[in-house]
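S.K.: Any chance you can model this:
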Amino acid sequence: MHSVETKSEIVKILHFKQFYKHYVFNEDGDGGRKKVLNNYIDVYVCIDMVCGDTKNDLGSEE
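M.R.: Residues are numbered from 1 along each chain as shown. Take a look at the predicted model:
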């Protein structure tokens, strides 16, 4: 059995604003919530890049 150390990193490949009126609730200082009208939504397209050691031949068993 081989142990492979991997590293994960989120890579942002696209960011844009979709214009759409909608309500959100923001917390105020007293622990309550305040209803606010927003005009857009931030949209992010990301990939989860996982890198690992590929030096070992996976087909061979020890």
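S.K.: What's the mean pLDDT across stretch 29-42?
M.R.: For stretch 29-42, the mean per-residue pLDDT is 93.
S.K.: in this structure, which spans are strands?
M.R.: Taking DSSP state E to define them, one finds strands in the chain at 6-27, 33-52.
S.K.: possible to save those as JSON lines with mean neighbour count?
M.R.: In short, each C-beta sits where N, CA and C put it, glycine included. Putting those into JSON lines (neighbours: other Cβ atoms under 10 Å) gives the following:
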{"stretch": "strand 6-27", "mean neighbour count": "9"}
{"stretch": "strand 33-52", "mean neighbour count": "10"}
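S.K.: Tell me how far the nearest residue to T6 once chain neighbours are set aside lies from D42.
M.R.: For T6, ignoring the flanking residues on the chain, the nearest one in space by Cβ to Cβ, 6 or more residues apart in numbering is G52 at 4.0 Å. Using Cβ to Cβ, to the nearest Å, G52 is found at 31 Å from D42.
S.K.: sorry, back to before: per-residue pLDDT, the residue nearest to T6?
M.R.: Taking G52 on its own, its pLDDT is 76.
S.K.: Please apply the same query to S60.
M.R.: For S60, pLDDT reads 55.
S.K.: Now do the contacts for the residue nearest to D42 when sequence neighbours are not counted.
M.R.: Using Cβ to Cβ, 6+ apart and skipping residues adjacent in sequence, the residue nearest D42 is K17, 6.0 Å away. By Cβ atoms under 8 Å, 6 or more residues apart in numbering, K17 lies in contact with 40-43.
S.K.: Mind putting those into TSV with distance to G32?
M.R.: Formatted as TSV, these follow (distance: Cβ to Cβ, whole Å):
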residue	distance to G32
Y40	25
I41	24
D42	25
V43	29
